[in-house]
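**Q** Return a 3D structure for these sequence lines:
(chains A and B)
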Amino acid sequence: MPKKRVGIFSLTCDEGCSVYLTEIFNKKLLEWLEKIELVYFLAIKNHTDFSGLDVALVEGVVTSQKDLDFIKKIRESSKILIAMGTCAMTALPSGQRNNFKAGQLEAIKDHIDKYHFLPKALALKEAVEVDDEIVGCPINEKKFIEVFEKYLD
Amino acid sequence: MHSCDLDITVSKLAKIEGHADLDIKIRDGRVEDVTLRVMENMRFFNQAVEGQVFKNVPQLVSRICGTCSIAHLTACIEAVEKTLDVKPSAQTMILRKLTMYSLMIRDHALHLYFFVLPDLFGLDSILDIPEDKKELIHEALHIKEAGNNLSNLIAGRAVHAPFEQVGGFSNEVDKTKIPAMIEELKSIRQYALNLVEIFYVCDWEFKRRTNFVALATDDFSYLEGKIKSSTGAVVEEKDYWDHLHSVVLPYSQASGFEFEGREFMVGALARLNLNKESLHADTKRDAARYLAVFPSDNIYHNNLAQAVEILHSIDHAIELLAKTEFKKEEPAKPAKLTGEGVGVIEAPRGTLYYWLGIDEGKVRYANLVIPTAQNLVNMREDVKKIVGDICAYNLPMAEFEARIKQEVEKIIRAYDPCMSCAAHFLKVNWV
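**A** Numbering: from 1, shown residues only, chains lettered A, B, ... in the order given. From the prediction side, this is the model:
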């Protein structure tokens, strides 16, 4: 069976889920590498082409136009798209700005305009179709293994 | 000497924490400009912490950085405690040291094995490592796992640790697990020494006169001490803002810093240059040959310094676990609910400053100074010098550009920059 092509992507977030994923890797990486080809994961390799993916794991929030373009491209490139962690599922904590009061909004306005932020920070499913989700901040280890391994056979 | 004009852009630097782009402008064979752009989107934590109850703020700022969440958590807790006159117990301080050691072990191992080793072997990724070196992957995973298990045992989790709180730790240490934890730490000690050896024999060298700054702690535990610099400054934690100055970096979602008007470097190299005498006795005994390297102004010795810190973290953690009788404690309570205070610790990448103002238990303002932001000016100057040096060789054009990209990425990686963190500079509300 050909290896599943996997990409790991970070939108706007603290990258805690992908860091925690490298901890899950301590026990699971060598086993998974029998079944997957890690095509895209900027944390450990400098390879930026991610066409023809089987599984895309995405952490983070869609907060800027750049994020939105990127998640659309990931969606087009992957059969399965999995939202990884609380940011990707709920848009928090970046989405705290969605509920800012007038004074707080005024303080961030210039930045929002200059860097082409969207009017509201979005969870992945508000931007593209999402096939599966993994809860937790960071991702719950058991849940990650359970969900990810569903797509490896 | 190349008399060429060349614009080089590296977008999305790989094998660093977070997103950064780099632009280099060469005109007539001279480096005209170097721009390191932090490309992390702001998440506006400075506004988001305003008005929050002090107890909740450490877990909120933990989300600034997944990699070193424990550093943000610990520095913020210290700032809250200094502000509200909370006196943590001796056991709490030991648990915090163990938590910091678990972070250093994991975080430095991730950087050295996954980000730096590929450069050393001329590979893109540690996963491409040749068969005869495969044991290094096993050693990497074992070291990280031991750090991860230490985080789990003491603080509940490696990322966004739930047990570490204002005034103390919410959960009692499971004493039945301590013997196995000590054995696991002993089992990775040789791997740490192997790693130290790798970066000791590594012949990478880049020197440029600069200043080093670190919080010097008397047991090298990253928590309490005085801020020292290689120019001889000794500064109390609470007075840091008289010595650090923000520098605006155009085109970047971050700010840079100067210490007493000069660029400087923070991180493992600065700590070893300023405080190697305070390392654990076992580390000093077994790493004596390597420690003779410090003080060093070779930026690549930051990698060696990180490897030494993994060893120290193992050694001191073993001692603390073996000799402490852990017991259940109630968290220390605040003596007041209004005030201002400063928390300073050494995070994996350097000195991390938190300054809080709290009114009636709610945060009025917060000001953070992030290690990577402090290193940005120094990094930019190093990149300029490296590119200038390469311009002076007469390399063929194709090789010229490739060489610049390679060397520049290598030096940036040596700083172990964290762009997620660098994008957060909480603005100062002058009061």
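
**Q** host element of residue 107?
**A** In the absence of a named chain, this looks at chain A. helix A:102-114 (DSSP states H and E).

**Q** right idea, wrong chain: chain B
**A** helix B:90-109.

**Q** B:Ile24 belongs to a helix, doesn't it?
**A** No: counting by DSSP: H, G, I helix; E, B strand; the rest coil, B:Ile24 is not part of a helix but strand.

**Q** mind listing what it touches?
**A** Residues in contact with B:Ile24, defined by Cβ atoms under 8 Å, 6 or more residues apart in numbering or on different chains, are B:6-9, B:31, B:33-34, B:383, B:387, B:404, B:408. Any C-beta I mention is one placed from the backbone N, CA and C, and that applies to glycine too.

**Q** ok, so what distance separates B:His108 from B:Glu78?
**A** Note on B:His108: its distance to B:Glu78, by Cβ to Cβ, to the nearest Å, is 22 Å.

**Q** Likewise for B:Trp241?
**A** Here B:Trp241 is placed at a distance of 16 Å from B:Glu78 (Cβ to Cβ).

**Q** quick one: the helices in chain B?
**A** For chain B, the helices defined by DSSP state H cover B:45-48, B:57-62, B:69-84, B:90-109, B:117-121, B:135-155, B:178-201, B:268-275, B:281-286, B:288-291, B:301-323, B:371-392, B:397-414, B:419-422.

**Q** For the last one, C-alpha coordinates in PDB please.
**A** Translated: helix B:419-422. Output of helix B:419-422 as PDB, limited to C-alpha atoms (Å, rounded to 0.1, in the frame of the first residue of the first chain):
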ATOM      1  CA  MET B 419       8.600  34.000  16.100                       C
ATOM      2  CA  SER B 420       5.300  33.100  17.900                       C
ATOM      3  CA  CYS B 421       6.800  34.900  20.900                       C
ATOM      4  CA  ALA B 422       8.500  37.700  19.000                       C
END
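
**Q** who's in contact with the spatially closest residue to B:Phe121 that is not a sequence neighbour?
**A** Spatial nearest neighbour of B:Phe121, excluding adjacent residues (Cβ to Cβ, 6 or more residues apart in numbering or on different chains): B:Ile129 at 6.5 Å. For B:Ile129, the contact set (Cβ under 8 Å, 6+ apart) comprises B:117, B:121, B:123, B:136-137.

**Q** try B:Trp355
**A** Contacts of B:Trp355 by Cβ under 8 Å, 6+ apart are B:79, B:241, B:340-343, B:366-368.

**Q** next one: B:Lys276
**A** B:291, B:294.

**Q** mean confidence for the helix holding B:Asp107?
**A** Averaged across helix B:90-109, the pLDDT comes to 98.

**Q** same deal with stretch B:186-201?
**A** 98.

**Q** can you give me how far it is from the chain middle?
**A** When distances are taken as Cα atoms, centre = their mean, to the nearest Å, stretch B:186-201 is centred 20 Å away from the chain's centroid.

**Q** quick one, what contacts the closest residue to chain B within chain A?
**A** Going by Cβ to the nearest Cβ, chain B is nearest to A:Gly16 of chain A, at 2.6 Å. Each residue near A:Gly16 by Cβ under 8 Å, 6+ apart is listed here: A:59, A:85, A:137-138, B:63, B:65-67, B:69, B:159-160.

**Q** Which elements pack onto the helix holding B:Asp107?
**A** helix B:69-84, helix B:135-155, strand B:164-165, strand B:168-169, helix B:301-323 (3 or more Cβ pairs under 8 Å, 6 or more residues apart in numbering or on different chains; DSSP states H and E).

**Q** so which of those comes closest to chain A?
**A** helix B:135-155 (3.9 Å).

**Q** The closest one versus helix B:301-323: what angle between them?
**A** Calculated by axes from the mean of the first three to the mean of the last three Cα atoms, to 10 degrees, helix B:135-155 forms an angle of 50 degrees with helix B:301-323.

**Q** May I have stretch A:25-34 as PDB, with CA atoms only?
**A** Coordinates of each C-alpha in stretch A:25-34 appear next as PDB, following Å, rounded to 0.1, in the frame of the first residue of the first chain:
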ATOM      1  CA  PHE A  25       6.000  11.500  18.100                       C
ATOM      2  CA  ASN A  26       8.400  10.400  20.900                       C
ATOM      3  CA  LYS A  27       6.500   7.200  21.100                       C
ATOM      4  CA  LYS A  28       4.700   7.000  17.800                       C
ATOM      5  CA  LEU A  29       6.800   8.600  15.000                       C
ATOM      6  CA  LEU A  30       8.800   5.500  14.000                       C
ATOM      7  CA  GLU A  31       5.700   3.400  13.800                       C
ATOM      8  CA  TRP A  32       3.800   6.000  11.800                       C
ATOM      9  CA  LEU A  33       6.600   6.500   9.400                       C
ATOM     10  CA  GLU A  34       6.000   2.900   8.200                       C
END
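
**Q** before we move on, the earlier item: same list (the helices of chain B) but as CSV, adding distance to A:Phe70 and mean neighbour count.
**A** Converted to CSV, those look like this (distance: least, Cβ to Cβ, whole Å; neighbours: other Cβ atoms under 10 Å in any protein chain shown):
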stretch, distance to A:Phe70, mean neighbour count
helix B:45-48, 22, 22
helix B:57-62, 25, 23
helix B:69-84, 24, 26
helix B:90-109, 27, 24
helix B:117-121, 25, 18
helix B:135-155, 28, 22
helix B:178-201, 35, 18
helix B:268-275, 33, 25
helix B:281-286, 44, 16
helix B:288-291, 43, 14
helix B:301-323, 31, 24
helix B:371-392, 23, 21
helix B:397-414, 22, 17
helix B:419-422, 16, 28
